[in-house]
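> kindly generate the corresponding structure for this input.
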Amino acid sequence: MQDVSDFTERVRQDPAWRAFLWDEALESTMVVTRAPGRIDVMGGVADYSGALVAQATIGEAAVVALTKRKDRQVRVWSVGGDTRTAVQISLDSFFLDGELRTYDAVKADFLADPAAHWAAYLAGAFFVLLAEHITPQFETGANILLHSDVPAGAGVSSSAAIEVAAMQAISKAYGLVLDGVALARLCQIVENCVAGAPCGVMDQMTSALGTAGELLLLLCRPHEVHGTRTLPPDVRIYGINSGVRHSVGGDEYTRARIAAFMARKILNVEYLAQISPSAYRADHIEQVPETITGAEFLARYGETGDLVTRIDPGTTYGARAAASHAIFEHERVECFVDLMSRTENIAAAMNQAGALMYGAHWSMSRIGLGCPETDLLVNLARDAGAAKGIYGAKITGGGCGGAVALLAYGDDGVEAVGEIVDQYQAQTGRMAQVFLAGASPGALAFGPRTVSSELVEN
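Below is the predicted model of the structure:
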């Protein structure tokens with residue numbers, strides 16, 4: 001688990017870290033924030049279709065230290081396992097002839113240099129705060145040091161953790177007041193409009209608003225918090241990283257998202273998840289073609305209305321499967337959350353909850369977001385079964401690699417998770433990291449910390 005006290009001690013002891021943070025520093029204090037990754041327990045890619053989602057924080061987190069500079073430069077440096085060369089950006093580059101530039105123009109700047117694109121997830125927060133009129137100006141820049149142990153490409157929201165930690169640190173340092181929902185929404189804009197990844201909002205909401213030991217329930221229409229849910233006694237949810245890198249900006253995820261927005265346009269609804277499964281089966285399923293080319297859709301309907309994706313005329317999209325996933329996944333999540341409320345006959349309730357997870361996994365594969373390695377982890381979980389305390393499993397987040405969520409009950413389940421990891425590694429040769437759902441607080445619950453000048457002097 002990423003520990004802030006260990007991080008600040010490393011700053012105290014590491015001359016390179018201190019030199020970076022206090023280069024041209026305006027003041028001797030620094031702001032430190034911590035934002036965790038998350039496990040998508042249920043809901044997954046149905047978030048952008050207005051579904052209910054159930055999410056949980058993990059122990060791994062991004063920690064950011066920020067000091068304000070005397071000049072208008074923003075310098076970001078990622079240290080740790082993914083150490084990268086520091087990137088420097090001028091706040092003045094966000095303006096042209098005194099006017100704030102467009103999202104597309106700033107995104108193009110970050111995309112132009114692949115080696116520096118990662119800086120968009122941190123420095124992009126400055127531009128979003130200006131573009132969304134949260135502040136009229138930043139008089140000075142900042143030094144931002146990032147250390148994250150949320151593995152990239154594991155489907156546990158490494159980018160959201162970085163965005164939330166950076167946005168919270170900037171807000172604290174510059175005296176901006178943001179509630180958790182507003183902070184998460186701004187972080188989603190960073191990812192969509194500056195970094196250029198078409199994610200939904202559940203990742204940032206969980207990283208910001210999650211609580212230790214509980215599921216966070218979000219109705220993504222667009223971002224309504226429906227409280228938290230404590231897991232029943234002796235029930236645990238684990239994530240197992242397949243070691244296959246997932247990307248929200250990947251072709252499969254983008255294609256599945258476009259297909260869902262196509263179905264939304266065809267059915268003329270604000271959110272697909274507003275349609276009940278019974279109404280969908282009776283009245284709507286035949287309205288949505290199983291497949292449709294981008295060119296055919298554009299000719300008949302025009303663009304989808306999704307602001308962060310564009311249809312490729314030469315691609316064929318599985319519109320019906322995407323619609324079915326969103327509509328039935330919303331129902332699966334509602335049932336799953338109800339089962340997590342049970343205090344009696346827990347094993348029977350977990351059997352039902354596990355069946356919902358297996359159904360979600362099948363549906364994700366049907367829309368093109370599965371992969372052999374995550375299928376193997378799910379099959380190993382199914383083979384272990386309730387006899388060994390494993391009741392369900394599914395691919396998480398955007399799929400196509402990343403992590404699998406496992407539902408475990410009782411002491412046997414803890415041991416079985418280790419056995420599944422060993423079997424997976426023996427069959428694939430891939431290391432499989434394990435995450436525990438609900439292992440740490442979200443960024444708002446943890447809160448920003450101000451570290452005094454004593455850190456510099458010692």
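
> how is residue 172 assigned, secondary-structure-wise?
When classified by DSSP: H, G, I helix; E, B strand; the rest coil, residue 172 comes out as helix.

> can you map out the helices along the stretch 251-400 of the chain?
For the stretch 251-400 of the chain, the helices defined by DSSP state H, counting those that start in this stretch occupy 251-267, 277-279, 294-301, 319-339, 346-366, 372-384.

> I'd like those helices as JSON lines, with mean pLDDT appended.
Shown next, in JSON lines, are the helices of the stretch 251-400 of the chain (pLDDT from 0 to 100):
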{"stretch": "helix 251-267", "mean pLDDT": "96"}
{"stretch": "helix 277-279", "mean pLDDT": "98"}
{"stretch": "helix 294-301", "mean pLDDT": "98"}
{"stretch": "helix 319-339", "mean pLDDT": "98"}
{"stretch": "helix 346-366", "mean pLDDT": "97"}
{"stretch": "helix 372-384", "mean pLDDT": "97"}
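
> redo those helices as a markdown table? Include distance to residue 12.
In short, each C-beta sits where N, CA and C put it, glycine included. Below are the helices of the stretch 251-400 of the chain laid out as a markdown table (distance: least, Cβ to Cβ, whole Å):
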| stretch | distance to residue 12 |
| --- | --- |
| helix 251-267 | 41 |
| helix 277-279 | 57 |
| helix 294-301 | 55 |
| helix 319-339 | 44 |
| helix 346-366 | 44 |
| helix 372-384 | 40 |
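
> so which of these is nearest residue 448?
Shortest distance between residue 448 and those, using Cβ to Cβ, is found for helix 319-339: 30.9 Å.

> render the CA-only coordinates of that closest one in CSV, please.
This file holds the C-alpha atoms of helix 319-339, laid out as CSV (Å, rounded to 0.1, in the frame of the first residue of the first chain):
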residue,chain,number,x,y,z
ALA,A,319,-24.6,-2.3,-31.9
ARG,A,320,-27.1,-4.8,-30.6
ALA,A,321,-24.6,-6.6,-28.3
ALA,A,322,-23.5,-3.2,-27.0
ALA,A,323,-27.1,-2.2,-26.2
SER,A,324,-27.9,-5.5,-24.6
HIS,A,325,-24.8,-5.3,-22.4
ALA,A,326,-25.7,-1.8,-21.1
ILE,A,327,-29.3,-2.6,-20.4
PHE,A,328,-28.8,-6.0,-18.8
GLU,A,329,-25.7,-5.0,-16.9
HIS,A,330,-27.7,-2.2,-15.1
GLU,A,331,-30.1,-4.9,-14.0
ARG,A,332,-27.3,-7.2,-12.9
VAL,A,333,-25.7,-4.5,-10.8
GLU,A,334,-29.0,-3.7,-9.1
CYS,A,335,-29.4,-7.3,-8.2
PHE,A,336,-25.8,-7.7,-7.1
VAL,A,337,-26.1,-4.7,-4.8
ASP,A,338,-29.2,-6.1,-3.2
LEU,A,339,-27.5,-9.4,-2.6
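
> what's that helix packed up against?
The elements that helix 319-339 packs onto, with contact taken as 3 or more Cβ pairs under 8 Å, 6 or more residues apart in numbering; DSSP states H and E, are strand 30-42, strand 52-68, helix 251-267, helix 277-279, helix 346-366.

> what does the last one contact?
Right, the one you point to is helix 346-366. Applying Cβ atoms under 8 Å, 6 or more residues apart in numbering, the contact partners of helix 346-366 are 42, 44-45, 232-235, 321, 324-325, 328-329, 332, 335-336, 339-340, 342, 370, 375, 378, 382, 386, 390-395, 399, 405, 407, 409.

> hmm, which of those are the buried ones?
With burial judged by 16 or more other Cβ atoms under 10 Å, the buried subset of the contacts of helix 346-366 is 42, 44-45, 232, 235, 321, 324-325, 328-329, 332, 335-336, 339-340, 342, 370, 378, 386, 390-395, 399, 405, 407, 409.

> low-scoring stretches of the stretch 1-150 of the chain, by residue?
1-2, 81-83 (pLDDT under 70).

> kindly recompute the last result at 90.
Counting by pLDDT under 90, the low-confidence segments of the stretch 1-150 of the chain come to 1-6, 9, 12, 28, 44, 80-85, 115.

> just to revisit the earlier point, now the helices and strands packed on helix 319-339 as TSV including distance to residue 211?
As requested, the helices and strands packed on helix 319-339 are exported to TSV (distance: least, Cβ to Cβ, whole Å):
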stretch	distance to residue 211
strand 30-42	11
strand 52-68	8
helix 251-267	28
helix 277-279	30
helix 346-366	20
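
> gap between the two ends of stretch 85-94?
22 Å (Cα to Cα, to the nearest Å).

> ok, and what's touching that stretch?
Taking Cβ under 8 Å, 6+ apart as the rule, stretch 85-94 contacts 20, 72-77, 100-101, 106, 109, 115-116, 118-119, 123, 126-127, 130, 138, 141.

> hmm, residue 451 is touching residue 30, no?
Yes - assessed by Cβ atoms under 8 Å, residue 451 is found in contact with residue 30 at 5.1 Å.

> what sits against residue 46?
53, 220, 272-273, 325-326, 329-330, 333.

> grab the nearest non-local neighbour of residue 158.
Nearest-residue entry for residue 158: residue 150, 4.2 Å, with adjacent residues in sequence omitted and distances by Cβ to Cβ, 6 or more residues apart in numbering.
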